[in-house]
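Asks: here is my input, please return the structure:
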Amino acid sequence: MNKNSNTYIVIYATAMVVVVATLLAVAAMALKSRQEANMLNEKKEAILQSLSAVDRDYDAFVEAYAVDAEGAKIASVTPDAALQLLFDLKGAFAAGTYPVFEAEDGRIVLPVTGSGLWGPIWGYVALEQDMNTIAGVVFGHQGETPGLGAEIATPKHQALYAGKRLFEGDAFVSVVLRKGGAKDPAHEVDAITGGTKTSDGVTAMLRESLGAYAPLLAAKRSAEAASDASECETNNAENHE
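Replies: The predicted structure follows:
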């Protein structure tokens, strides 16, 4: 065949495309399990980071499970399956399945997901044993503006959430990013200067994602209150003996 002919060029180009595509597909398949393992480890590290427990072993320190819209544990969701839900958290929420990560010390981590200015935003919110006070957060984003909306992923911004509370009495109120500076020290943090849309996205993400866990949190808070009351009665009885 004449190597200078159009037919030869077309056949050669087609063959090269097929060969390259095949090699890329094989490489992608070979690396898929390793990539998924790396992504899973990143999620585990983020969960530990939100708990300020990066020195702990995730598998020994954290128990993963899932609850339904009423806050009841779903027995059929294994710890590994609960972790896998993080790869499509929006889909899991839409299906009424909410992953929970409970630390050995009684604190829990709740994953959150939402939309920023330019794309998806997500994160992990760790709560103290009272199921109300934020212990720490870790946020991430796909394409927020550097120096503006991307600030949500910086330690400086994330440190603002520690100590904020999700409930006012028995009412779930979440945490709000307020433009111009926080006025309510219990439930507000400073919005990002120049990042209004991203700040609004984080506010909506916290309200909607954490709101889905409100039944679980309310049940845990009630159980804790009942336990404290029972302990107090026991102590009073012992003191009167």
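Asks: any idea what Pro73 is bridged to?
Replies: You called it Pro, but residue 73 is Lys. Here Lys73 sits in beta bridges with Val67, as judged by DSSP bridges.
Asks: quick one, grab the pLDDT at it.
Replies: As summarised for this prediction, Lys73 has a pLDDT of 97.
Asks: touching, it and Glu63? I think so.
Replies: No: Lys73 sits out of contact with Glu63 when judged by C-beta atoms under 8 Å, with a separation of 10.8 Å. Using the backbone N, CA and C atoms, a C-beta is placed for each residue, glycine as well.
Asks: all strands of this structure, in order?
Replies: Along the chain, the segments classed as strands by DSSP state E run 62-67, 98-103, 108-115, 120-127, 134-141, 167-168, 171-172, 176-178, 188-190.
Asks: show me what the fifth one is in contact with.
Replies: Spelled out, it's strand 134-141. Counting by C-beta atoms under 8 Å, 6 or more residues apart in numbering, strand 134-141 makes contact with 46-47, 49-52, 107, 116, 119-128, 149-150, 152-153, 157-158, 161-166, 175, 198, 202, all of which sit outside it.
Asks: ok, now with 6 Å
Replies: Residues external to strand 134-141 that are found in contact with it (C-beta atoms under 6 Å, 6 or more residues apart in numbering): 46, 49-50, 52, 107, 116, 121-126, 128, 152-153, 158, 161-162, 164.
Asks: list the buried ones in it?
Replies: For strand 134-141, the neighbour count (16 or more other C-beta atoms under 10 Å) marks Ile134, Ala135, Gly136, Val137, Val138, Phe139, His141 as buried.
Asks: so what's the last one closest to, chain neighbours aside?
Replies: By that I understand His141. Among residues not flanking His141 along the chain, Ile121 sits closest, at 4.7 Å (C-beta to C-beta, 6 or more residues apart in numbering).
Asks: pLDDT wise, what is that neighbour at?
Replies: Reading off the model, Ile121 has pLDDT 98.
Asks: same thing with the one 3 residues further on?
Replies: Predicted confidence (pLDDT) for Tyr124: 98.
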